[in-house]
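S.K.: Here's my sequence, what's the structure:
(one chain, ligands or ions: 1)
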Amino acid sequence: MIRKLYRLWPNPKILLRMGGLHTVMAILQGLLLGLLVPILRALLQAEPDFVAATPWLVIGAVGLLVYWILSVISTPVGFTASIELAAQLRRHLMNHVTTLPLGWFTTNRKARLARAVTADAGNIAHLAVVIGAPSITASLVPLTIVVVTFVVDWRIALLFLAIVPIAWLTLRRAGRIASIAEIELEEAATEIAGRSIELGQAQPVLRAAGQGSTGSIRMRTALDEHRETYRRGLRRSMVPDLTYTAVVMGGFIAILILCVQLLLSGSLTVAETVALLVLAVRFLEPLGTLIELIGALRAMENAVARVQSILKTSALPSISKPVRQLKEASIEFRDVTFSYGDTTALSNVSFQCRPGSTTALVGPSGSGKTTVTRLIARFFDTDKGSIQVGGVDVRHLDHTILLNDIAIVFQEVYLFDATIEENLRLACPEATKEELEKAARSARLDKVIARLPDGWNTRVGEAGAQLSGGERQRVSIARAFLKKARIVLIDEAASALDPENERAIAEAIGNLAKDRNRTVIVIAHRPSTLSTADQVIALDAGRVFETGTPSELRQAGGIFARLYDQYSRARSWHISTKA
Ligand SMILES: Nc1ncnc2c1ncn2[C@@H]1O[C@H](COP(=O)(O)OP(=O)(O)OP(=O)(O)O)[C@@H](O)[C@H]1O
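M.R.: Prediction:
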């Protein structure tokens with residue numbers, strides 16, 4: 001456990017300092033108790049011998065002073081350590097998480113991550129201090145007392161030692177059960193965290209269904225399950241906890257009986273018997289507290305394992321000398337196959353996009369269009385085949401260099417609750433005002449900004465709620481201009497937009513495509529985007545079904561021609577209903 005904790009922190013010096021301090025204190029405590037034997041021997045006689053007791057009393061007084069000083073030092077060290085360790089662990093986790101493939105971030109994993117950063121990191125640091133110190137005391141004080149007792153009477157010392165393995169066995173069993181209960185409880189808590197995220201995201205749907213106040217059934221089930229898991233854990237741990245307490249109490253009765261026998265037989269003096277009984281109490285007391293500590297220790301062990309499971313998740317593999325420059329913006333898929341677990345999303349996909357060209361990806365829902373764009377940005381690695389960007393396998397390209405040259409315009413654009421300027425600056429923090437305005441004009445965002453009450457300084461609200469979906473997409477396109485990304489991946493909104501947004505986005509995409517150094521791949525749903533593309537790749541069930549220019553494919557009468565007609569009909573229907 002100590003080794004695991006040690007490995008968890010990048011700078012474990014605080015942990016070592018604290019452990020060392022409490023080890024010295026625990027041994028000192030045991031030795032100070034041992035002083036009772038010579039002191040009581042000298043004092044508990046018909047004629048108390050103060051001269052013989054004095055050196056022991058002086059040693060005891062000095063020891064107590066040292067112990068007190070160490071306790072004073074250890075309290076602030078403990079507090080500082082707890083805060084610093086939690087902060088270190090959180091930083092360590094966050095640094096690691098930023099290196100993970102984006103595909104790792106599923107809802108469940110996000111909930112797990114939230115628990116690890118908040119609850120687990122805090123608990124590990126807190127428990128390492130609050131439980132670590134008493135655990136050291138609870139183990140080392142009895143050990144020191146056994147050594148001291150051997151000096152007085154080996155039979156009592158052996159009885160002390162005999163109690164340890166029996167107590168240890170029952171304690172292990174109690175610990176195992178506490179650990180299982182804690183794992184189940186944590187799983188139930190993570191489920192609640194996941195369902196809470198879902199409940200927040202699903203509020204509009206729930207309210208539309210008249211379920212806004214009652215909440216989702218899944219959330220209520222998760223809460224019930226958590227309560228039941230808690231009860232089950234308590235029921236299960238009752239028997240082992242009581243067994244352990246019985247062993248510790250039985251141990252004391254056995255020591256008491258042996259002490260009295262040895263006293264009656266003359267092997268022990270009254271002073272030695274009293275001292276040994278005091279030692280017995282101090283020997284058993286920390287053992288008694290171990291049962292309270294074991295649950296927390298196991299909880300800490302589980303939290304460490306959970307945090308480690310995140311820290312052990314490998315970042316995308318990188319080669320020792322990655323290519324650090326992208327010469328041009330061509331894209332090529334060479335026989336790419338990719339699956340999400342058991343779901344095959346792409347099978348033997350091959351195609352090429354010239355630098356400066358615009359490619360429209362089309363295909364029915366689930367045909368693999370989004371997966372193509374995710375693989376170009378290396379959210380995941382392919383199972384088979386390779387993806388070349390600028391003639392280099394993306395696995396051999398420095399990932400930062402790749403992402404610096406890629407801009408992604410998602411269907412649902414997420415904006416930070418900051419001003420519109422700050423949201424744009426994310427793409428290029430050092431951009432001048434002129435550059436910002438030029439990007440806004442190219443993305444047809446300038447008119448939106450002009451309408452906003454505080455112009456560039458208008459806050460866009462949580463997740464950009466102050467702007468419409470189409471306006472958010474225009475912010476995202478403006479970021480692509482600002483970033484001067486040579487590769488732009490766009491997931492065009494599938495749903496109908498108002499005519500102004502529709503026209504503005506079409507013009508903004510057209511402007512992106514005008515730059516002959518920029519390669520654009522657009523998951524297209526609009527006839528205007530489809531007809532202006534240099535080439536079209538039609539996917540079906542994860543395979544390339546047809547490729548060609550828009551006019552070639554319309555004549556071919558395949559998937560593209562069918563979808564083109566569908567989109568055109570939907571558009572004319574949309575326009576006529578609006579009119
Ligand atoms: N994160 C994921 N985990 C598991 N399966 C996934 C995941 N994302 C996509 N899939 C599956 O992979 C296949 C291809 O999905 P993809 O999103 O690439 O299709 P698409 O053509 O973009 O669909 P749509 O037009 O509906 O967005 C589908 O069967 C989908 O269910």
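
S.K.: from here on, contacts and neighbour counts on C-alpha atoms
M.R.: Fine.

S.K.: what's the neighbour count on Lys13?
M.R.: 12 (other CA atoms under 10 Å).

S.K.: low pLDDT regions in the stretch 451-579 of the chain?
M.R.: For the stretch 451-579 of the chain, applying pLDDT under 70 flags the ranges 463, 494-497, 570-579.

S.K.: in it, what residue is nearest the ligand?
M.R.: Gly542 (6.8 Å; CA to the nearest ligand atom).

S.K.: gap between that residue and Gly341?
M.R.: 15 Å (CA to CA, to the nearest Å).

S.K.: higher neighbour count, these two?
M.R.: A direct count of neighbours by other CA under 10 Å for Gly542 and Gly341 places Gly542 higher, at 23 against 7.

S.K.: my guess is that one meets Ser350, correct?
M.R.: No. Applying CA atoms under 8 Å as the test, Gly542 and Ser350 come out as separate, 11.2 Å apart.

S.K.: Show residues contacting stretch 427-439.
M.R.: Here stretch 427-439 makes contact (CA atoms under 8 Å, 6 or more residues apart in numbering) with Glu421, Leu424, Arg425, Asp446, Ala478, Arg479, Ala480, Phe481, Leu482, Lys483.

S.K.: ah, wrong one, I meant stretch 301-317
M.R.: Defining contact as CA under 8 Å, 6+ apart, one finds that stretch 301-317 is touched by 1, 4-5, 8, 93, 96-97, 99-101, 113, 116, 120-121, 123-124, 179, 182-183, 380-381, 395.

S.K.: now swap in stretch 125-137 and tell me
M.R.: Residues from elsewhere that reach stretch 125-137 (CA under 8 Å, 6+ apart): 18-19, 22-23, 25-26, 78-79, 81-83, 85-86, 286, 290, 293, 296-297, 300.

S.K.: tell me the phi and psi of Leu452?
M.R.: phi -70, psi 150 (degrees, to the nearest 10).

S.K.: out of everything not next to it in sequence, what's closest to the residue positioned nearest the centre of the chain?
M.R.: Centroid check for the chain by CA atoms, centre = their mean gives Leu113 as the closest residue, at 2.3 Å. Excluding its sequence neighbours, the residue lying closest to Leu113 (CA to CA, 6 or more residues apart in numbering) is Ile310, at 7.8 Å.

S.K.: ends of stretch 553-560, how far apart?
M.R.: Note: stretch 553-560 ends 6 Å apart using CA to CA.

S.K.: these two touch, right, Asn404 and Lys484?
M.R.: No. At 9.0 Å, Asn404 does not count as touching Lys484 under the criterion of CA under 8 Å.

S.K.: Look at these two and report which has more neighbours.
M.R.: Counted by other CA under 10 Å, Asn404 and Lys484 do not tie: Lys484 has more neighbours, with 19 against 16.

S.K.: Next, work out how far apart the closest residue in space to that one that isn't next to it in sequence and Leu445 are.
M.R.: With sequence-adjacent residues excluded and distances taken as CA to CA, 6+ apart, Lys484 is closest to Asp405, at 7.5 Å. Asp405 sits 22 Å away from Leu445, going by CA to CA.

S.K.: These two: who's more crowded?
M.R.: Neighbours per residue, other CA under 10 Å: of Asp405 and Leu445, the larger number sits with Leu445, 25 against 19.

S.K.: So for that one, what pLDDT did the model give?
M.R.: Per-residue pLDDT puts Leu445 at 94.

S.K.: What of the one 3 residues further on?
M.R.: We have a pLDDT of 92 for Val448.

S.K.: That one touches Arg472, doesn't it?
M.R.: No. Counting by CA under 8 Å, Val448 stays clear of Arg472, with 10.2 Å between them.

S.K.: Between those two, point out the one with more neighbours.
M.R.: Using other CA under 10 Å as the criterion, Val448 and Arg472 rank with Arg472 on top: 24 against 16.

S.K.: so where does that one fall, helix or strand?
M.R.: Here Arg472 sits within helix 469-483, counting by DSSP states H and E.

S.K.: who touches that helix?
M.R.: In contact with helix 469-483 (CA under 8 Å, 6+ apart) are residues 404-405, 407-415, 423-428, 431, 435-436, 439-440, 442-445, 448, 464, 488, 493, 497, 501-502, 504-505, 508-509, 512.

S.K.: if we go to 7 Å?
M.R.: 407, 409, 413, 424, 427-428, 435-436, 439-440, 443-445, 497, 501, 505 (CA atoms under 7 Å, 6 or more residues apart in numbering).

S.K.: Kindly report the same for stretch 499-509.
M.R.: By CA under 7 Å, 6+ apart, the list of residues contacting stretch 499-509 from outside reads Ser442, Ala443, Arg444, Gly470, Glu471, Arg474, Thr529.

S.K.: still on that earlier bit, got a winner among the contacts of helix 469-483 for most neighbours?
M.R.: Highest neighbour count within those: Ala443, with 29 neighbours (other CA under 10 Å).

S.K.: re earlier: which of the contacts of stretch 125-137 are buried, as a PyMOL select command?
M.R.: Typed into PyMOL, the line below selects the buried ones among the contacts of stretch 125-137, using 16 or more other CA atoms under 10 Å:
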select buried, resi 18+19+22+23+25+26+78+81+82+85+86+286+290+293+296+297+300
